[in-house]
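In: One predicted model, sequence on top.
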Protein chains: 2
Amino acid sequence: MKIVKQPDGVVRRLPRYYRYLADLNQMGISRVSSKDLSARIGNTPSQVRQDFNCFGGFGQQGYGYDVDTLYKAIADILGLNETNNMIIMGAGRLGQALANYTYFEKKGFKLTGIFDVRSSVIGKQIRGVDIRHINELESFVHDNPVDIAALAVPKDQINDVADAVARLGIKGIWNFTPMELKVEDHIIVENIQLSDSLMTLGYRLKEAAEDPKV
Amino acid sequence: MKIVKQPDGVVRRLPRYYRYLADLNQMGISRVSSKDLSARIGNTPSQVRQDFNCFGGFGQQGYGYDVDTLYKAIADILGLNETNNMIIMGAGRLGQALANYTYFEKKGFKLTGIFDVRSSVIGKQIRGVDIRHINELESFVHDNPVDIAALAVPKDQINDVADAVARLGIKGIWNFTPMELKVEDHIIVENIQLSDSLMTLGYRLKEAAEDPKV
């Protein structure tokens, strides 16, 4: 299937449909309506149908969706049956936490390398993956194609590390630092802004406290 | 100022404006236009003005915004000058990584407790904060009001932990597990879905690979 650039909202809903369908599959439920899906995702049934129509449909009027078919189709759309090789830059607590998530691996995101600058961690392993000095990055990427670099380095090192990663041809950056990266347009950056998320939560709590009815 | 419930998009942009204004402030830049702000945030100048109008304005036609005034106003709107007491449920690698982020503390999110069930971690401290057994949660919350619980426990424990937290009257949940929580409507849940974010990145890489022009 030809892939066209889809709006951000649609793409961000795909993993959520995927997780819900995985749950349904596990519960032995074989059929789901756009209404049930929308109740879970928090959108409308017509938006659900529209989302899937972006990728060619999959539903049948009056029947809904076959759970297993849709689950596999979304896995396929998301590329979860392919392998994305990933490295983690920074082996601090966050880098280590990421390296230990085996769930990513199950979804095709294969951890192949971990890089740091501190001699206290270099030479160690996490789940059998070596922690290397960042000086070895260039030769590593030359020998082992890397699709994604997760950046879990301190804020003051982020621009240098992002530059190094982009220069070596790594096309996907998963950024955990509270910085908007300046990289070339062809690099795809996905941000996890922990502090933004926490501030959003703080705002919503304040809002609710000032007006319990909202 | 009376706070009304703002759309999600506006609220999520506030921390990004805030971070950018902090950078400008640090660089000694005292004035910024809605055009500059929009270029950084990736929206339009009119959307910037509209966002701030939700909270009463702050700009002046032909001048733009005074950086320090706007920075302080957003901090105030976000409640960053108030204290939100936060506990972390789960002292695994992720919980430890969260506990070690001092940035949150600077923004008023004060870590007051860490809870786990494993004897290997209970009794230890992170940044002077005790790791306690989850059995102590009720008495702890009774003595120490808690606004936010960050949930960094394994997936199979998440529902029990979320229920316990909600039952004790904690109103904000910061959820790090790949589960949509079922909690009462008055509980505010903010999700950090790491795997959704990674899948989104994987999708965008696939999309770009299939059509380098997009």
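Out: Done, it's in. Numbers count the residues shown, from 1 in each chain, chains lettered A, B, ... in the order given.

In: could you point out the longest strand in chain A?
Out: Longest strand in chain A, counting residues (DSSP state E): strand A:109-116.

In: So which residues make contact with that strand?
Out: A:83-92, A:95, A:99, A:104-105, A:122, A:126-127, A:129-134, A:136-137, A:140, A:144, A:146, A:148, B:198, B:202 (C-beta atoms under 8 Å, 6 or more residues apart in numbering or on different chains). Every C-beta, even on glycine, is put in place using the N, C-alpha and C of the backbone.

In: Now, those that are in strands?
Out: A:84-89, A:126, A:129-133, A:148.

In: Could I have the buried ones of those residues as PyMOL selection syntax?
Out: Burial among these is assessed by 16 or more other C-beta atoms under 10 Å in any protein chain shown; the matching PyMOL selection reads:
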select buried, chain A and resi 84+85+86+87+88+89+126+129+131+132+148
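
In: So which of the ones in strands among the contacts of strand A:109-116 reach chain B?
Out: A:84, A:148 (C-beta under 8 Å from any C-beta of the partner chain).

In: Now do the contacts for A:Gly92.
Out: Each residue near A:Gly92 by C-beta under 8 Å, 6+ apart is listed here: A:116, A:152-154, B:97.

In: From the residues you listed, keep the buried residues only.
Out: The neighbour count (16+ other C-beta under 10 Å) marks A:116, A:152-153, B:97 as buried among the contacts of A:Gly92.

In: Helices - which of the residues you listed land there?
Out: Among the buried ones among the contacts of A:Gly92, the ones falling in helices (DSSP state H) are B:Ala97.

In: how about the buried ones among the contacts of A:Gly92 in JSON lines, adding distance to B:Asn25 and pLDDT?
Out: Formatted as JSON lines, the buried ones among the contacts of A:Gly92 follow (distance: C-beta to C-beta, whole Å; pLDDT from 0 to 100):
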{"residue": "A:Asp116", "distance to B:Asn25": "31", "pLDDT": "97"}
{"residue": "A:Ala152", "distance to B:Asn25": "26", "pLDDT": "94"}
{"residue": "A:Val153", "distance to B:Asn25": "24", "pLDDT": "93"}
{"residue": "B:Ala97", "distance to B:Asn25": "28", "pLDDT": "87"}
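
In: Bridged to A:Gly113, which residues?
Out: Counting by DSSP bridges, A:Gly113 is bridged to A:Ile87.

In: which among the contacts of A:Gly92 gets closest to A:Arg40?
Out: In terms of C-beta to C-beta, no member of the contacts of A:Gly92 lies closer to A:Arg40 than B:Ala97, at 29.4 Å.

In: for the longest helix along chain A, which positions count as buried?
Out: In chain A, assigned by DSSP H, the helix with the most residues is helix A:8-26. By 16+ other C-beta under 10 Å, the buried positions in helix A:8-26 come out as A:11-21, A:24.

In: Just the CA atoms of it, as PDB, please.
Out: Extracted in PDB, the C-alpha atoms of helix A:8-26 (Å, rounded to 0.1, in the frame of the first residue of the first chain):
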ATOM      1  CA  ASP A   8      -0.500  14.000  13.300                       C
ATOM      2  CA  GLY A   9      -3.800  13.200  15.100                       C
ATOM      3  CA  VAL A  10      -4.500  10.200  13.000                       C
ATOM      4  CA  VAL A  11      -0.900   8.800  13.400                       C
ATOM      5  CA  ARG A  12      -1.000   9.400  17.200                       C
ATOM      6  CA  ARG A  13      -4.300   7.500  17.500                       C
ATOM      7  CA  LEU A  14      -2.900   4.400  15.700                       C
ATOM      8  CA  PRO A  15      -0.900   3.100  18.600                       C
ATOM      9  CA  ARG A  16      -3.900   3.600  20.900                       C
ATOM     10  CA  TYR A  17      -6.200   1.600  18.600                       C
ATOM     11  CA  TYR A  18      -3.400  -1.000  18.400                       C
ATOM     12  CA  ARG A  19      -3.200  -1.400  22.200                       C
ATOM     13  CA  TYR A  20      -6.900  -1.600  22.600                       C
ATOM     14  CA  LEU A  21      -7.300  -4.200  19.800                       C
ATOM     15  CA  ALA A  22      -4.500  -6.200  21.400                       C
ATOM     16  CA  ASP A  23      -6.500  -6.300  24.700                       C
ATOM     17  CA  LEU A  24      -9.700  -7.300  22.800                       C
ATOM     18  CA  ASN A  25      -7.800 -10.100  21.000                       C
ATOM     19  CA  GLN A  26      -6.400 -11.300  24.300                       C
END
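
In: other SSEs contacting the helix or strand following it?
Out: Using DSSP states H and E, the helix or strand that directly follows helix A:8-26 along the chain is strand A:31-32. Taking 3 or more C-beta pairs under 8 Å, 6 or more residues apart in numbering or on different chains; DSSP states H and E as contact, the helices and strands that strand A:31-32 lies on are strand A:65-66, helix A:67-78.

In: Using a markdown table, please lay out those together with mean pLDDT.
Out: Listed next are these as a markdown table, based on pLDDT from 0 to 100:
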| stretch | mean pLDDT |
| --- | --- |
| strand A:65-66 | 90 |
| helix A:67-78 | 92 |
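
In: any chance of the ones you listed in CSV, plus mean neighbour count?
Out: Listed next are the helices and strands packed on strand A:31-32 as CSV, based on neighbours: other C-beta atoms under 10 Å in any protein chain shown:
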stretch, mean neighbour count
strand A:65-66, 21
helix A:67-78, 19
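
In: Reformat the ones you listed as a markdown table; add distance to B:Leu194.
Out: Below are those laid out as a markdown table (distance: least, C-beta to C-beta, whole Å):
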| stretch | distance to B:Leu194 |
| --- | --- |
| strand A:65-66 | 27 |
| helix A:67-78 | 15 |
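
In: With respect to A:Pro45, which of those lies nearest?
Out: The closest of those to A:Pro45 is strand A:65-66. By C-beta to C-beta, the value is 11.4 Å.
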